[in-house]
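Asker: the amino acid sequence is not available; the structure is as follows:
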């Protein structure tokens, strides 16, 4: 599974990797540590060279807000690509905005790795279900 993680905390990005592995996925991850890194990556068309299955975006980056990246990300990845928002606090209006801007799911960052693994279990199940459905068509 090809995964792009936009997260300014390296330990959080590693927790994502661990949670995916725990769910039986061998993630090929690109970690972008800031909004500026993500803008550069997506604007330069580097994403076109990668088949992206999942994009994980932290809402509160050290140099800006992840929701500002969503329209550009949605424009440059395949329709089937899942865009998942992780945020440190629940704000209904912020999450609603993320859905309007192209996110597929929003989660408050779990405090335990088991909770994050559970989130990814559901995403992976949905993603694999989509692949199986496409193969049958």
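Answerer: Thanks, I have it. These figures come from a predicted structure and were not determined experimentally.

Asker: skipping its backbone neighbours, what lies nearest residue 35 in space?
Answerer: Among residues not flanking residue 35 along the chain, residue 64 sits closest, at 3.7 Å (C-beta to C-beta, 6 or more residues apart in numbering). To be clear about C-beta, it is placed using only N, CA and C from the backbone, and glycine gets the same treatment.

Asker: neighbours around the one you found, how many?
Answerer: Residue 64 has 15 neighbouring residues, counting by other C-beta atoms under 10 Å.

Asker: what does stretch 20-29 rub up against?
Answerer: 1-5, 13, 16-17, 113, 117, 120-121, 124 (C-beta atoms under 8 Å, 6 or more residues apart in numbering).

Asker: any of those buried? List them.
Answerer: Buried subset of the contacts of stretch 20-29 (neighbour count, 16 or more other C-beta atoms under 10 Å): 1, 3, 4, 5, 13, 16, 117, 120, 121, 124.
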